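Q: what follows is a predicted structure for the sequence shown.
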Amino acid sequence: MPVNPTYPGVYIEEIPSGVRSIRGVATSVAAFIGPFRRGLLDEAVRIQSPSDFEREYGGVYRDSEASYAVQQFFLNGGTEAWVIRVGHPGPAAAGIVPIAAATAGLNAVVDGVPPDLVSATAGRVIRDETADNPGDWGNALRLEVGHATSAADTLFTLTIKEVVTEGDRTSVLREEVFRNLTNQPNEANTAIDVVNGGSQLVYLTQVAAALSDTDIPHATGTLGRDIVPGGGDFAGAVATVAEMAGLTVTLQFGPAASPADIGPVAVDFTGAADPATMGAWAALFQERLRRAALDPLAAIPVGQRAYLGGAVVTLLGAGSVAEPFRFHIRAGQGAQPFDPDVRLIFAGNAGTFGLDGATSAGPQQIALTGGADGTVVDAATGTFRIPEAAFSGNPGLRTGLFALEDVDLFNILCIPDAPRLGDANALALYSTALSYVTDRRSMLIVDIPEGTVRIDQMETWLGANAGLRAPNTAVYFPRTYVADSLRQNRLRSFASSGTIAGLWARTDAQRGVWKAPAGTDARLRAVQQLAYAMTDPENGVLNPLGVNCLRSFPIYGSVCWGARTMDGADQIASDYKYVPVRRTTLFIEESLYRGTKWVVFEPNDEPLWAQIRLNVGAFMHDLFRQGAFQGAMPSDAYLVKCDAETTTQSDIDNGIVNILVGFSPLKPAEFVILRIQQIARRAES
């Protein structure tokens, strides 16, 4: 602000330079829409690696070409993508597509009765809205509720695990732990608020109308039970071996409906010294309990035996009459395979001590249930069962395609499963997508049906889809064959959009968006074969029609051999005939759109126009130095004009400032003409 001198001395004022650097936007952020094994419905999720895709969407999925397209995108050089999972909004019981999220309750003890206080659903909360993550995958989620350490303790720990069982081995893929939770409302650590704010696997919803101070969730595994004096001399802080002599217990394995018993088993403490601490007592009791159960263990199924081997015995409390011992036996998770529904009950009584209420126990983990994948492709007819409306979505609800409204920037849109909708539905979907990407200054890569394998069929397809001819679309022929990891790496035909999107990203990173993503350097990684081996004359039929051909050459392998937009047919004579020209234009438009927002509401006169020329000119000159334009001199390559000639007084009165930006684009050397002349030597005289 201006300095207002009031005393003799030196005043310093910082004056803005007026330079506002314009930064170029990303050029190869892809968006993929399709059905996936798992993932949030109608939500755009950023994916930056194959590992991210595996975690969020379950990797490749037999019934989803979009899943293979995402895989090909990263294999061919892509680094960032947005993925949207779509599906039919009907119930899972209809067998259309996966929509039933797995659910389970978190139990709490209220007067000895465990009601459901909150339910857990596979998914997460985004912008204060719950988003389901439906599918069979949710049945692999496990909840473990940590058990309170005293009767006055209202805090508990919730552990959420995603497990996978391979053969007889159970492994944990992901784990989330939330500590010091409470069921009390309006607290900073209320379970619903904490979990919904941080979990990537589940969200919680309240079921009970009100919660009381005693609403503490069950402990993981067997519930703790009070051990009270039964006639022996037990008043010290730690029990002696003599006081525990003659203890017998019943160990019960299996689900509550069909348990298997070991016992009663006499626990023999002969030869053991009196433990000095509670921890030593737990270790001694655990060791002797295992030893006592070795012979009866043979009657238990192999898959359940490891529960005893991994049992953990915890002694809680001081051991006095006022605060008796509490035994908590938690079965180990080393069983092969691990079954969360199997219970381990410490249920006997002894001559000296008894277990108070010894027949109740909770599961080791709470398993979410009810997840279903549904049917994406009808097994009998091969019909793709997701409707076109699920892909095109609803603008008001931001579903399907319009979930991209929540995405700040994307440059390439791929809908690999669109051709499976049928010709009419695919055209309708691509038409909606074309209108959308045009508004978002992005490109749409159109895929062709699997049955389009010959040149004449491609010409027929072009005629039927003439409405898709636009500067913002590109189509490639033929389809690609990729090794399918779900089918023992046998070759399978896939849409090429994911591969091409990755190629565009790789070319942008290596050479710039102005370089045509085609040529011998544009190799198609992980593509084993092309659906049609094309000759040069056949290439010459499709190229003038605006179709980019994929070719296979010796040494080079499969390469992209075309760089035209669908508006690039020779008869159209479009300014945006070539993909790099159109993408460079979109890049400049988006960068200047974002980089000149500071102009809004500035005084509309020459000082502003000069600043605009300075900043926009610096951005264009930087592109010129990188080789993005034709011309040996800046004046030959680009122009930036903003003055009284572009912005008249009438424009100023209407609040308008006009900026004219022009550039001379680089166009690919599509046809290389070699002229060879034979020079005859003159006879020497």
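A: In hand now; what should we look at?
Q: what's the offset of stretch 637-647 from the middle of its chain?
A: Relative to its chain's centre, stretch 637-647 lies at 45 Å (C-alpha atoms, centre = their mean, to the nearest Å).
Q: what does that stretch contact?
A: Stretch 637-647 has contacts (C-beta atoms under 8 Å, 6 or more residues apart in numbering) with 604, 606, 609, 612-613, 616-617, 620-621, 623-624, 629-631, 656-664. Just so you know, the C-beta spots here come from the backbone N, C-alpha and C atoms, and that holds for glycine as well.
Q: selecting buried members of those in ChimeraX, what would you type?
A: Entered in ChimeraX, the line below selects the buried ones among the contacts of stretch 637-647, by 16 or more other C-beta atoms under 10 Å:
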select :604,609,612,616,617,620,623,624,629,657,659,661,663
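Q: tell me which of the contacts of stretch 637-647 fall in helices.
A: If you go by DSSP state H, those have Glu606, Trp609, Ile612, Arg613, Val616, Gly617, Met620, His621, Leu623, Phe624 in helices.
Q: what's the distance between Glu54 and Gln71?
A: According to C-beta to C-beta, to the nearest Å, Glu54 and Gln71 sit 10 Å apart.
Q: within the helices and strands, which one has the residue most central in space within the chain?
A: By C-alpha atoms, centre = their mean, the mean C-alpha position of the chain lies nearest to Glu56, the distance being 3.1 Å. In this assignment (DSSP states H and E), Glu56 forms part of helix 50-57.
Q: send the alpha carbons of that helix over as PDB?
A: Extracted in PDB, the C-alpha atoms of helix 50-57 (Å, rounded to 0.1, in the frame of the first residue of the first chain):
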ATOM      1  CA  PRO A  50      -0.800 -50.400 -10.800                       C
ATOM      2  CA  SER A  51      -0.600 -51.000  -7.000                       C
ATOM      3  CA  ASP A  52      -3.100 -48.200  -6.400                       C
ATOM      4  CA  PHE A  53      -5.400 -49.800  -9.000                       C
ATOM      5  CA  GLU A  54      -5.000 -53.200  -7.300                       C
ATOM      6  CA  ARG A  55      -5.900 -51.800  -3.900                       C
ATOM      7  CA  GLU A  56      -8.800 -49.700  -4.900                       C
ATOM      8  CA  TYR A  57     -10.400 -51.800  -7.700                       C
END
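Q: ok, and what's touching that helix?
A: Residues contacting helix 50-57 (C-beta under 8 Å, 6+ apart): 36-39, 45-47, 59, 67, 70-71, 74, 83, 85, 174.
Q: just the buried ones among those residues, please.
A: 36-39, 45, 47, 59, 67, 70-71, 74, 83, 85.
Q: just those residues: which are in strands?
A: If you go by DSSP state E, those have Val45, Ile47, Val83, Arg85 in strands.
Q: can you name the element that comes right after the longest strand along the chain?
A: When the chain is parsed with DSSP E, its longest strand is strand 169-181. For strand 169-181, the succeeding helix or strand toward the C-terminus, using DSSP H and E, is helix 191-198.
Q: re the thing from before, how about TSV for the ones in helices among the contacts of stretch 637-647, with pLDDT added?
A: Below are these laid out as TSV (pLDDT from 0 to 100):
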residue	pLDDT
Glu606	95
Trp609	96
Ile612	95
Arg613	95
Val616	96
Gly617	95
Met620	96
His621	96
Leu623	96
Phe624	96
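Q: okay, helices next: where are they in the stretch 51-200 of the chain?
A: 65-75, 191-198 (DSSP state H, counting those that start in this stretch).
Q: so which of these is nearest Tyr7?
A: helix 191-198 (53.6 Å; C-beta to C-beta).
Q: give the partner strands of whichever helix or strand comes after the closest one in its sheet and their orientations.
A: Note on helix 191-198: by DSSP H and E, the next helix or strand toward the C-terminus is strand 202-206. Here strand 202-206 has these sheet partners by DSSP bridges: strand 116-126 (antiparallel).
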